[in-house]
Structures are given as C-alpha cells and as structure tokens.
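Participant: next comes the sequence, and after it the predicted model I'd like to discuss.
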Amino acid sequence: MQKLVWFVVGVAAGFVAAHFVDRDPRGHVALATLDARMNEFADRVGDAYRDQQERLAAAEPSPASAD
C-alpha cells in the first residue's frame, strides 16, 4: 500500500513539475519538442505493428487451401 501512495505522489509531482516547466517559454518549447518526438515514435510503432500484421495475415494459408 505504501508503494502505491509513493507512486501516486510521484505522478502528482510530475504533473506539477511539468506545469511549472510549461509556464516558461523555453520549457514550453522543450515540452512541445518532446511531445512531437513521442508522437512520431508512437506513429512509427503503430505503422510497424500494422505492417507486421499484414505480413502475418498474408503468410497464413487460406481456409480453402487447407483441404
């Protein structure tokens, strides 16, 4: 239970710190850059996942040819 409390305190402290950093123009730019990089990474991971799913679906034998 104590670990959960510390986790919640850490998350709350992170939000407060991000709020104060965002108030400074340089911090706002830094957070915007970080957000753009995170979105780019998430898009690349999503694209790679969809490509892999397509490859796996193409490699599976069709039910008609299994006879």
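Facilitator: Great, that's in hand. Numbering: from 1, shown residues only.

Participant: distance check, N39 against G46.
Facilitator: 10 Å (CB to CB, to the nearest Å). All C-beta atoms are positioned from the backbone trio N, CA, C, and that covers glycine.

Participant: quick check: the gap between the spatially most central residue of the chain and A48.
Facilitator: In the chain, the centroid-proximal residue (CA atoms, centre = their mean) is A42; its distance is 5.1 Å. Distance, A42 to A48, using CB to CB: 11 Å.

Participant: distance between the helix or strand where F41 lies and the chain's centre?
Facilitator: Using DSSP states H and E, the element containing F41 is helix 25-59. Relative to the centre of its chain, helix 25-59 is centred 7 Å away, using CA atoms, centre = their mean, to the nearest Å.

Participant: can you tell me which helices and strands that helix packs against?
Facilitator: Packing partners of helix 25-59 (3 or more CB pairs under 8 Å, 6 or more residues apart in numbering; DSSP states H and E): helix 2-23.

Participant: I'd like the average pLDDT over the helix it packs on.
Facilitator: The average pLDDT within helix 2-23 is 95.

Participant: and that helix with helix 25-59, angle?
Facilitator: Here the directions of helix 2-23 and helix 25-59 differ by 120 degrees (axes from the mean of the first three to the mean of the last three CA atoms, to 10 degrees).

Participant: rewinding a little: ok, now how distant is the residue nearest to the centre of the chain from A17?
Facilitator: 22 Å.

Participant: same question for D24.
Facilitator: 12 Å.

Participant: and what of V11?
Facilitator: 11 Å.

Participant: count the residues that sit near D22.
Facilitator: Neighbourhood size, D22 [other CB atoms under 10 Å]: 14.

Participant: surely it and H28 touch.
Facilitator: Yes: under the criterion of CB atoms under 8 Å, D22 makes contact with H28 at 5.4 Å.

Participant: what's the closest non-adjacent residue to A30?
Facilitator: Distance criterion CB to CB, 6 or more residues apart in numbering; nearest residue to A30, sequence neighbours excluded, is V21 at 7.2 Å.

Participant: so that neighbour touches A32, yeah?
Facilitator: No: using CB under 8 Å, V21 is not in contact with A32; the gap is 11.2 Å.
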